[in-house]
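1. After the sequence you'll find the predicted model.
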Amino acid sequence: MEKKSRFFKYKNREIAYSVIGEGKPLIMLHGWGSSSRVMEPIARLLAHLRECYLIDLPGFGNSPEPSEPWGIDDYADMVEAFVEALDFNTIDLLVHSYGGRITLKLLARDSVKSRFNKVLITGGAGMKPKRSTTFYLKKYAAKTLKFPFLILPGKLRERSLTWLRNSRLWKMLGSSDYSKLSGVMRQTFVKSVTEHLDQLLPEIDHEILLLWGENDDATPLYQAERMESGLKNSALVVIDHAGHYAFLDKPKRFSAIAEAFFKDE
C-alpha cells in the first residue's frame, strides 16, 4: 500500500510524518534513537484496518532537532498540536518505548485525553527503573547506534551488527560518558529519562493493551507489570522469544494481537 509523506508545521519547524492505510486514524509513535521507519512494517500489516499516521518525533528521522532541550511534556505538546491541526475526532494509538512516555502524559491531560480511544503500548518507557539512570543512558545510547542496522534484511543485518559490536565506538560506550554522543538531544534524553511517570497511572482510564516482548532488556517485563497494576483498564500480553522490538521480532504474532485489539470497534 502506498505511503504518503507529509509535513506538519510546529514552532516554525517542519515535522515529518507519513500516512499508510485506510479506516479510523491510528497514530504511531516510535522510540528513542529510532524513527517512524521502524514502525512502518507493523503499519503495513494493519493498513487494511487503520489509516496509520507515523510521526518522526523532533530530533529523529526527517524531523529537525528542537532549538533547545525538550522534556516529555514538550513532545506531548507537539503531538497534541498535531491532533488539533488534523482535527481528529477520536484516535487510536500504537506506541513504542519513548512513545509510551509521551502517551502517558497525553492520556492524563484533560485538554486532549477524550480524543483518544484504544491504546496499545509496546515496550513502553516511563516507569521508575530498578537500575541507575547512568545504566539506562548507556543502554539507550547503544540502541541509538543499533537502530540503522535493525531495518536491514536478515543476513546483512546480522553481519552489520557483528561489525558494530566489534567497533571502537561500541566498546568505548561501556565506559565513556554519554555526553560525548550529541548535544541538544543528549540533554533532551537526560531530561526525559530522569522523569518517572508512575504517579500518572491512576489518572488514566483508557482501554490499554500492554504488548511486551518476553526478553525486553530496555524496558523489562517488571515495568509492564507495574504499569498494568497501576492502570484502571489494561491487560498485559507477553510475546515469547521477543525483545524490545517485539513488532519486528515477531511481526505476524504482534500484528494478529494488535488487529484483534483494534478490530472490534
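-> Happy to help now that I have it. Everything numeric here is computed off the predicted structure, so don't read it as measured data.

2. where along the protein do the helices fall?
-> For the chain, applying DSSP state H gives helices covering 40-46, 72-85, 98-107, 133-150, 154-165, 168-172, 184-193, 221-230, 246-249, 251-263.

3. Tabulate those (JSON lines), appending mean neighbour count.
-> In this view, the C-beta of every residue, glycine as well, is placed from N, C-alpha and C. Formatted as JSON lines, those follow (neighbours: other Cβ atoms under 10 Å):
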{"stretch": "helix 40-46", "mean neighbour count": "20"}
{"stretch": "helix 72-85", "mean neighbour count": "18"}
{"stretch": "helix 98-107", "mean neighbour count": "26"}
{"stretch": "helix 133-150", "mean neighbour count": "17"}
{"stretch": "helix 154-165", "mean neighbour count": "12"}
{"stretch": "helix 168-172", "mean neighbour count": "11"}
{"stretch": "helix 184-193", "mean neighbour count": "19"}
{"stretch": "helix 221-230", "mean neighbour count": "17"}
{"stretch": "helix 246-249", "mean neighbour count": "22"}
{"stretch": "helix 251-263", "mean neighbour count": "16"}
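
4. among these, which gets the worst mean confidence?
-> The stretch with the lowest mean pLDDT among those is helix 168-172, at a mean of 54.

5. mind checking how far the closest residue to Lys232 other than its chain neighbours is from Lys24?
-> Distances taken as Cβ to Cβ, 6 or more residues apart in numbering put Asp205 closest to Lys232, at 4.7 Å, once the chain neighbours are dropped. Separation of Asp205 from Lys24 (Cβ to Cβ, to the nearest Å): 20 Å.

6. Look at the two and report which has more neighbours.
-> Ranked by neighbour count (other Cβ atoms under 10 Å), Asp205 and Lys24 place Lys24 first, with 17 against 13.

7. chain center to stretch 215-227, what's the gap?
-> Centroid separation between stretch 215-227 and its chain, computed with Cα atoms, centre = their mean, to the nearest Å, is 14 Å.

8. What's the end-to-end length of stretch 210-220?
-> Stretch 210-220 stretches 12 Å from its first residue to its last (Cα to Cα, to the nearest Å).

9. rewinding a little: of all the helices of the chain, which one comes closest to Leu201?
-> helix 221-230 (3.2 Å; Cβ to Cβ).

10. Which other helices and strands does that closest one contact?
-> For helix 221-230, the elements it packs on are strand 208-213, strand 234-239, judged by 3 or more Cβ pairs under 8 Å, 6 or more residues apart in numbering; DSSP states H and E.

11. how much does the last one deviate in direction from helix 251-263?
-> Spelled out, that is strand 234-239. 160 degrees (axes from the mean of the first three to the mean of the last three Cα atoms, to 10 degrees).

12. what lines up beside strand 234-239 in the sheet?
-> With DSSP bridges as the test, strand 234-239 is paired with strand 208-213 (parallel).
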